[in-house]
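Engineer: need a 3D model of the following:
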Amino acid sequence: MMLNTLFHDKKLIHLQEIDSTNEYAKSLIKVLTYVSEGTTIVAKNQLHGRGQMGSSWESNPCQNLTFSVIISPKILVVEQFQISKIVALALISFLNQLGIKNTSIKWPNDIYIKEKKIAGILIENILKNNKIEHTIIGIGLNVNQVDFTTKNATSLQLITSQAYDLNILLANFIEILERNYFLLKSNQHAVINEAYLKNLLGFQKERKFSTSTEQFKAIIIGVSSMGKLQLQKDEQLMEMDIKEITFL
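Structural biologist: Down below sits the predicted model:
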């Protein structure tokens, strides 16, 4: 099945059940001489979906979108967070086109509706020399599931009271993702950065955080080129990695 996008030789691999679409994508890259950009692996049931820092992703079979997209950005390793930005922004645009409001990106790249999570992103890069040869974009998007064990999760159906065709949603999202990818390929970093901060949850607002040693309030003032969260705590400027800080 071919997706209606401009990715050259794009194709969709539809699986009934798999441990992880990201792991399947890695295996394709490893065994094949060439994997076309835009190749998308989607699973009706992903048994061991992963999020940031090894967290699991809750998803009932056949109710949500769990998929991975392969791209070959050939950008420097130091620019890798730009990939997270364009994917997060693609999800925001996708939700906005569906009429969903109050969307935001919770650093680094979880997608929230108000204070509830609707989508997660796992970016995995394969390097060659000092550049990113391939990127696997793993996405979990809650669509038709209405019961969750985690309290802060939501879905499209919970928000709109409508059921959705997963195939149509996937095709629409891939088109939006591709448009954002072209921004990266054409080095429009300023456009990407501005849009990311505009949609960043809590940007220029005071929020509560915790580290391994303390809890504190700080204002989110930006994100570094390497993806670290930049905070102002009283008169102190801080840069924190995802492993170092937790939102409260």
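Engineer: counting neighbours, which bits of the lengthiest helix in the chain end up buried?
Structural biologist: Taking DSSP state H as the criterion, the chain has its longest helix at helix 166-185. For helix 166-185, the neighbour count (16 or more other C-beta atoms under 10 Å) marks 166, 169-171, 173-174, 176-178, 180-181, 183-184 as buried. Glycine gets a C-beta too; all of them are placed from N, C-alpha and C.
Engineer: show me what it is in contact with.
Structural biologist: With contact meaning C-beta atoms under 8 Å, 6 or more residues apart in numbering, helix 166-185 is reached by 3-7, 10, 12, 38, 40, 42, 62, 64-65, 67, 69, 71, 73, 75, 82-83, 86-87, 89-91, 93-94, 97, 137, 141, 143-144, 191-192.
Engineer: how far does it sit from the chain's center?
Structural biologist: Its chain's average C-alpha position is 12 Å from that of helix 166-185, according to C-alpha atoms, centre = their mean, to the nearest Å.
Engineer: quick one: mean pLDDT for it?
Structural biologist: Averaged across helix 166-185, pLDDT comes to 94.
Engineer: on that earlier part again, which ones among the contacts of helix 166-185 map onto strands?
Structural biologist: Of the contacts of helix 166-185, the ones assigned to strands by DSSP state E are Leu12, Thr40, Val42, Leu65, Phe67, Val69, Ile71, Ile137, Leu141.
Engineer: ok, of the residues you listed, which one's closest to Lys128?
Structural biologist: Lys128 lies nearest to Ile71 out of the ones in strands among the contacts of helix 166-185, by C-beta to C-beta, at 14.2 Å.
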